[in-house]
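> for reference, the sequence and a predicted model appear below.
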2 protein chains.
Amino acid sequence: MYVVQYNDDIVVIDCGGKFPDESLLGIDLIIPDITYLEENKEKVRALIVTHGHEDHIGGIPYFLRKLNVPIYATRFTLGLIELKLEEHRLLRDSELQTITSDSKISLGDMDVSFFKVSHSIPDCLGIVFHTPEGNVVHTGDFKFDLTPANNQYADLHKMAEIGKKGVLALISESTNAERKGLTPSELMVAEHMDEAFMKAEGKIFVSTFASNVNRVQQVVDSAIKTNRKIALLGRSMVNVVQVALERGYLNIPEGMLIDARDIDNFASNKVAILCTGSQGEPMAALARLSTGNYRDASIYPGDTVILAASPIPGNEKYVSKIIDNLFQLGAKVIYGSGSTTGMHVSGHGYQEDLKLMLTLMQPTYFIPIHGEYRMLHHHRQLAESVGVEEGNTFIIKNGDVVDIKNSVARQTRKIPAGDTYVDGMGVGDVGEIVLRDRRQLSEDGMLVIVITISKYDRKMLSGPDTISRGFVYTRESDDLIKEVNNLVKKAVNEFQQTNEHRWNVMKQDIKKSVGQHLYAKTKRRPMILPIIIEV
Amino acid sequence: MYVVQYNDDIVVIDCGGKFPDESLLGIDLIIPDITYLEENKEKVRALIVTHGHEDHIGGIPYFLRKLNVPIYATRFTLGLIELKLEEHRLLRDSELQTITSDSKISLGDMDVSFFKVSHSIPDCLGIVFHTPEGNVVHTGDFKFDLTPANNQYADLHKMAEIGKKGVLALISESTNAERKGLTPSELMVAEHMDEAFMKAEGKIFVSTFASNVNRVQQVVDSAIKTNRKIALLGRSMVNVVQVALERGYLNIPEGMLIDARDIDNFASNKVAILCTGSQGEPMAALARLSTGNYRDASIYPGDTVILAASPIPGNEKYVSKIIDNLFQLGAKVIYGSGSTTGMHVSGHGYQEDLKLMLTLMQPTYFIPIHGEYRMLHHHRQLAESVGVEEGNTFIIKNGDVVDIKNSVARQTRKIPAGDTYVDGMGVGDVGEIVLRDRRQLSEDGMLVIVITISKYDRKMLSGPDTISRGFVYTRESDDLIKEVNNLVKKAVNEFQQTNEHRWNVMKQDIKKSVGQHLYAKTKRRPMILPIIIEV
């Protein structure tokens, strides 16, 4: 999420979600912390969404519950946002405004216009903020593709014009700032897809991002050429294709799309199947197909499986496991990096793409975004190599603010920003304490120790009863539990002989002595929960 | 771990350890299940170790505690095994036998001989088992490198001779069976290392596997040429270099090695530092250097950091985070794939290496090992391409047995095999139940509900008291806890009005009603532990 503010007018750009890594136990989704926006509620004019990828729209339902401002996006992007809002039952109360790259909108003292960019999803926008202070350009995610699929041409001439009129600050994405050269064109995929379809003998499964509609179109085109029907597997594939068809972003000839349940009614060399799960998601179609657990379809020896996507960093091992399973099923698997298989090209511009954008825009100030620090660092070097003055690039972190006044930019202040965790229905209620407990529980489990003590004479009425979960399985470790019980009795005895009346002191004693004993005996540190019941 | 058995003589090859993935919560190490060997204790003649990598020696201490048989390995391999046994206080009672590639040993009815192979650690062996049934060859991990560092030449002529005499079965590693061509020579690294050392202005940090002594030697050689001292950071770097120096596998000129604490006493362009942590291990030297948390050394802007290793699959994201941190420190970082940077070559043979081994050995039967299924699959195709008959390759899983009798090989039976989990001091005591509990606890935490009930009239004497950990933090969720308490009271009331006397029935009722309520309210499923105390 990025925010452009001019005086009392705030416009928000994108509102993504990201998936937690394994250290964030139980967290389902991470969304932006919008404290600053909530504190300035009356100034927020709109949310503009550059394109429909999860890392740009995933946080929208949570955002809208707090700030129900109008959302501006293109038709396809809005289609995906609508799916999401419907799921969260927010669609009816949302104000969705369709724009095109030719729209011009006024938001407070700012005028906003747009330009088309190429990316791995249809209908992507770059944004120009026309402010009295000067023009600020946000590229969205982009690459340059002179032969894009489905005629999704970028507005090259418009970009040149914007640059010519003067850009005060360019905010540009940096994902592939480490990669030399120019991103290959989507056209490359078409050639390789056709070839694979012509060679294949059994069924063909193609796994790709559902939102990569142009890639989907190429699969459809290859299927047309080889006289195959198309079936769709996976909820998001079905949903997104539906949106794309309805809104005219995808062409599938009448009668070509078959129901997944009918796959077996066709000869295996007459069907191609588009499926989700290219990132190795364990519940998605490809993972389940790879273990023979998909109801509507099966992979047989001799079938071809094409992975037409690259694993996002961190997903490699899941994808690798699936490939292995596919080989065990006897499938012919086309996998590996896009440059080897020709089945995938990146949607993010390489160094020459980034330099081209910088050259077209000729910004005074440059803010590289959307990437790890080293990518931003490389992007700065690229900017300087094409004429951005040294010192005029701002590498910023979440919450950093670049202020521009009288054409002078400075980065001095921060606003509250960062990650908000979504866990089930809770947004922001799982914090460090809960996560720390989960971590301890996940490593070594826990041991609950219950004793009942009389209010009158402080004698132990029952217990200690110990219950372990995730620690050693009690049936197999009777001796250890006996030793623990003895330690607890000892602690209670000692406590009874003092004048101390605070149970917490005794609890601490129990935790300490039991903890030390268990560590000495097992080298494990379960969470120890002494519970004292007064009766 | 592989096992070769002829009649009543069993020889074990290697005994590795592997690190658990994130799903195995709290597990420290995975070692082989040796049930079969324990059941046939009296037949086990020896453990032969091909080389000193963790995935070949990591399980040895646990193995020796169950089966104290003689261990045969080369001098360098034994050096690493000794470090490990010392740590486990097993060294004194172990029988370690030094062999060379020229050794010949008799183990029951089998004679065993060896041949040298090249790999990313010194002193590696392939093994020939001379049995009355025929010769069985185990390659160990290998590549062919005609210009290896430190004159670690492979026994090419000996391999040819072994093949000429006839190989009944070849057991060969498959790690790089998917990669085309021939593995590049270690010589390539020397050239690039020299170049980087000549260009560097500040300190140079080189991170690599400590056990890759030949790589370490090349760093030392580059340091000599550029007149830099060498310091070592990280326990395993210090230990392994010590072993390598003592045993003559590494040459560092007198006075060149300096103590890490003295680094700052030298001009920054006069020091090179070898450090551990090339896999992104969070506690190793490189990770701590990258966050400025290493006592003995710091990275300053302008220093050069060379990652002379490839991330093992699954470690990419940790390595990536470190690289990012290094950039933030202002370091010049040389990172990326070995083929781009020239700073790393694989120790595992590519397709042409594998074909060369197969061609030299000309085995009747072939068993590809050491790789995911798809690598074994590709290795089979390679074998068939160089003359192994179709049907003579056995792709086996852990526990599968290939029996050869009268020159006919069959794979029909299994022995117990698989993973044994080490958690703290426990070996094999953490099973599926404990792991399942840990998973639930890690996702959504837990809620302990304690009530005290009178033995006499079944009335509730105290409670319900609820304690949550890793679930919502109670102070912030009073209402929810009140609702839970009401549900518990209701369940107890209903129970009191029945004739049911089994507490477990009531516990199940509480679990169910509280669980459903919490899920409806929070979409979370904490572990619910009702504890009923009778007084």
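Arrived safely. Numbers count the residues shown, from 1 in each chain, chains lettered A, B, ... in the order given.
> show me the contacts for the residue in the stretch 51-200 of chain A positioned nearest to chain B.
Across the stretch 51-200 of chain A, no residue is closer to chain B than residue A:178, which sits at 8.0 Å (CB to the nearest CB). (Glycine included, C-beta is placed from N, CA and C.) Residues near residue A:178 by CB atoms under 8 Å, 6 or more residues apart in numbering or on different chains: A:351, A:374-375, A:378, B:336.
> around chain B, which positions in the stretch 51-200 of chain A sit nearby?
For the stretch 51-200 of chain A, the contact set with chain B under CB under 8 Å from any CB of the partner chain comprises residue A:178.
> just to revisit the earlier point, doesn't the residue of the stretch 51-200 of chain A closest to chain B fall inside a strand?
No: assessed with DSSP: H, G, I helix; E, B strand; the rest coil, residue A:178 is coil; it does not lie in a strand.
> what is the burial count for the closest residue to residue A:240 other than its chain neighbours?
With sequence-adjacent residues excluded and distances taken as CB to CB, 6 or more residues apart in numbering or on different chains, residue A:240 is closest to residue A:210, at 3.9 Å. Neighbours of residue A:210 under the rule other CB atoms under 10 Å in any protein chain shown: 24.
> gap between residue A:210 and residue B:463?
51 Å (CB to CB, to the nearest Å).
> again with residue A:528
To residue B:463, residue A:528 is 20 Å away according to CB to CB.
> same question for residue A:211.
Distance of residue A:211 to residue B:463, computed by CB to CB: 52 Å.
> those two - which one has more neighbours?
Taking other CB under 10 Å, residue A:211 and residue B:463 do not tie; residue A:211 has more neighbours (24 against 21).
> just the pLDDT for that one.
At residue A:211, the model reports a pLDDT of 95.
> can you pull out the strands in the stretch 201-350 of chain A?
Along the stretch 201-350 of chain A, counting by DSSP state E, counting those that start in this stretch, strands occupy A:204-207, A:229-233, A:257-258, A:271-275, A:304-307, A:332-334.
> same list, these, but as TSV with mean pLDDT and distance to chain B please.
What follows is those, written out as TSV (pLDDT from 0 to 100; distance: least, CB to the nearest CB, whole Å):
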stretch	mean pLDDT	distance to chain B
strand A:204-207	98	16
strand A:229-233	97	22
strand A:257-258	97	30
strand A:271-275	97	19
strand A:304-307	97	12
strand A:332-334	96	7
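> want to throw these into JSON lines with mean neighbour count?
Output for the strands of the stretch 201-350 of chain A, formatted as JSON lines (neighbours: other CB atoms under 10 Å in any protein chain shown):
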{"stretch": "strand A:204-207", "mean neighbour count": "29"}
{"stretch": "strand A:229-233", "mean neighbour count": "22"}
{"stretch": "strand A:257-258", "mean neighbour count": "16"}
{"stretch": "strand A:271-275", "mean neighbour count": "26"}
{"stretch": "strand A:304-307", "mean neighbour count": "25"}
{"stretch": "strand A:332-334", "mean neighbour count": "20"}
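> any chance of those strands in JSON lines, with distance to residue A:60 too?
Listed next are these as JSON lines, based on distance: least, CB to CB, whole Å:
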{"stretch": "strand A:204-207", "distance to residue A:60": "26"}
{"stretch": "strand A:229-233", "distance to residue A:60": "25"}
{"stretch": "strand A:257-258", "distance to residue A:60": "29"}
{"stretch": "strand A:271-275", "distance to residue A:60": "26"}
{"stretch": "strand A:304-307", "distance to residue A:60": "29"}
{"stretch": "strand A:332-334", "distance to residue A:60": "35"}
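> quick one, what contacts the residue sitting furthest away from the middle of chain A?
Most distant from the centre of chain A: residue A:457, at 58.8 Å, with distances by CA atoms, centre = their mean. Taking CB under 8 Å, 6+ apart, we find residue A:457 in contact with no residue.
> longest single strand anywhere in chain A?
Longest strand in chain A, counting residues (DSSP state E): strand A:460-469.
> who does that one pair up with?
Using DSSP bridges, strand A:460-469 pairs in its sheet with strand A:446-453 (antiparallel).
> just the CA atoms of the strand it pairs with, as CSV, please.
Taking C-alpha atoms only, strand A:446-453 is exported to CSV below (Å, rounded to 0.1, in the frame of the first residue of the first chain):
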residue,chain,number,x,y,z
MET,A,446,3.2,-28.2,27.4
LEU,A,447,2.6,-29.7,30.8
VAL,A,448,-0.4,-28.7,32.9
ILE,A,449,-0.1,-29.4,36.6
VAL,A,450,-3.2,-29.1,38.6
ILE,A,451,-3.4,-29.2,42.4
THR,A,452,-6.3,-28.4,44.7
ILE,A,453,-5.6,-26.8,48.0
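> thinking again about what came up before, avg pLDDT for the longest strand of chain A?
In this model, strand A:460-469 has an average pLDDT of 84.
> quick check: next helix or strand after it?
Next in sequence after strand A:460-469, counting helices and strands by DSSP states H and E, comes helix A:478-496.
> could you check the angle that following helix makes with strand A:446-453?
Relative orientation of helix A:478-496 and strand A:446-453, computed by axes from the mean of the first three to the mean of the last three CA atoms, to 10 degrees: 40 degrees.
> now for helix A:478-496, which elements pack on it?
Under the contact criterion of 3 or more CB pairs under 8 Å, 6 or more residues apart in numbering or on different chains; DSSP states H and E, helix A:478-496 touches strand A:446-453, strand A:460-469, helix A:503-522.
> run through who's touching that helix.
With CB under 8 Å, 6+ apart as the criterion, helix A:478-496 contacts A:447, A:449, A:451, A:453, A:458-460, A:463-464, A:466, A:468, A:472, A:474, A:505-506, A:509-510, A:513-514, A:517-518, A:521-522, A:530.
> number of residues surrounding residue A:375?
Using other CB under 10 Å, residue A:375 is surrounded by 23 other residues.
> thinking it is in contact with residue A:173, fair?
No: taking contacts as CB atoms under 8 Å, residue A:375 lies outside contact range of residue A:173: 9.2 Å.
> give me the common contacts of those two.
Both residue A:375 and residue A:173 are contacted by residue A:368, under the criterion CB under 8 Å, 6+ apart.
> in three-state terms, label the residue farthest from the centre of chain A for me.
For residue A:457, the assignment made with three-state DSSP gives coil.
> for the stretch 351-500 of chain A, which residues are neighbours of chain B?
Within reach of chain B by CB under 8 Å from any CB, the stretch 351-500 of chain A has these residues: A:372-374, A:377, A:423-426, A:429-431, A:433-435, A:437-439, A:441-446, A:448, A:450, A:452, A:461-463, A:465, A:467, A:469-473, A:476-477.
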